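Asker: coords please:
(2 chains)
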Amino acid sequence: EPEVTQTPSHQVTQMGQEVILRCVPISNHLYFYWYRQILGQKVEFLVSFYNNEISEKSEIFDDQFSVERPDGSNFTLKIRSTKLEDSAMYFCASSWGPKNIQYFGAGTRLSVL
Amino acid sequence: AQSVTQPDIHITVSEGASLELRCNYSYGATPYLFWYVQSPGQGLQLLLKYFSGDTLVQGIKGFEAEFKRSQSSFNLRKPSVHWSDAAEYFCAVGAPGAGGTSYGKLTFGQGTILTVHP
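Answerer: Numbering: from 1, shown residues only, chains lettered A, B, ... in the order given. Sure thing, here's the model as predicted:
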């Protein structure tokens, strides 16, 4: 069964450093998403991406965050200058359409020290 | 704005017992609703979804859920729990994006951790 792949599974970084979280969505999917889950809290929507542009973003997704689909297979989330409060599990998801099932990756745990 | 409440943070049941996990949502229009399950170290796996039609939906692993508009609820049920069902369960509501176009943003509940005793 096709799956969404995220790398790395765990990323440790120093505060102020840039990180790039990588995702390979399911190949024929058109909609891409990032969510995050701070330990003990809800899974929160960050951003949706369709047709090579951001469709919607949450208040969390400020200027420190950016997304990109650099080629036909990867979907990345960049945090320019990480803060301690960015420590969380980041989930990538993809779907064929906006009302279709979103398939989630296993997540990248980001630890900012 | 839409919201989802899962009142039970942690539920413990015995293997073979029935299970009901509660989910209440707040949304101004007809929602589409999901239940996802997350095992340790795994991603979120879809158990079932409701978009329209029959309010009782069947999912994988013997789970079902019933959409009750009058109660704004979408409770998850299973008649007989197996030890392998121990995991965290998330209810989510899908909502249109800005301008009324649906881009699929999901709003999740807090999650319910299920422990199964042998």
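
Asker: Now the residue nearest the centre of chain A. Nearest residue, chain neighbours left out?
Answerer: Closest to where the C-alpha atoms of chain A average out (Cα atoms, centre = their mean) is residue A:34, at 3.4 Å. Once flanking residues are discounted, residue A:34 sits nearest to residue A:46: 4.3 Å by Cβ to Cβ, 6 or more residues apart in numbering or on different chains. Any C-beta I mention is one placed from the backbone N, CA and C, and that applies to glycine too.

Asker: Then residue B:62?
Answerer: Spatial nearest neighbour of residue B:62, chain neighbours left out: residue B:78 (5.6 Å); criterion: Cβ to Cβ, 6+ apart.

Asker: what's the neighbour count on residue 19?
Answerer: Looking at chain A here, since you left the chain open. When neighbours are defined as other Cβ atoms under 10 Å in any protein chain shown, residue A:19 has 20 of them.

Asker: I was thinking of chain B, sorry if that wasn't clear
Answerer: Residue B:19 has 17 neighbours, counted by other Cβ under 10 Å.

Asker: Could you do the one 3 residues further on as well?
Answerer: Taking other Cβ under 10 Å as the criterion, the count of residues near residue B:22 is 16.

Asker: Against residue A:35, how distant is it?
Answerer: Distance from residue B:22 to residue A:35, counting by Cβ to Cβ, to the nearest Å: 22 Å.

Asker: same deal with residue B:28?
Answerer: Distance, residue B:28 to residue A:35, using Cβ to Cβ: 22 Å.

Asker: Equivalent analysis for residue A:22, please.
Answerer: On the measure of Cβ to Cβ, residue A:22 and residue A:35 end up 15 Å apart.

Asker: And for residue A:108?
Answerer: From residue A:108 to residue A:35 the distance is 11 Å (Cβ to Cβ).
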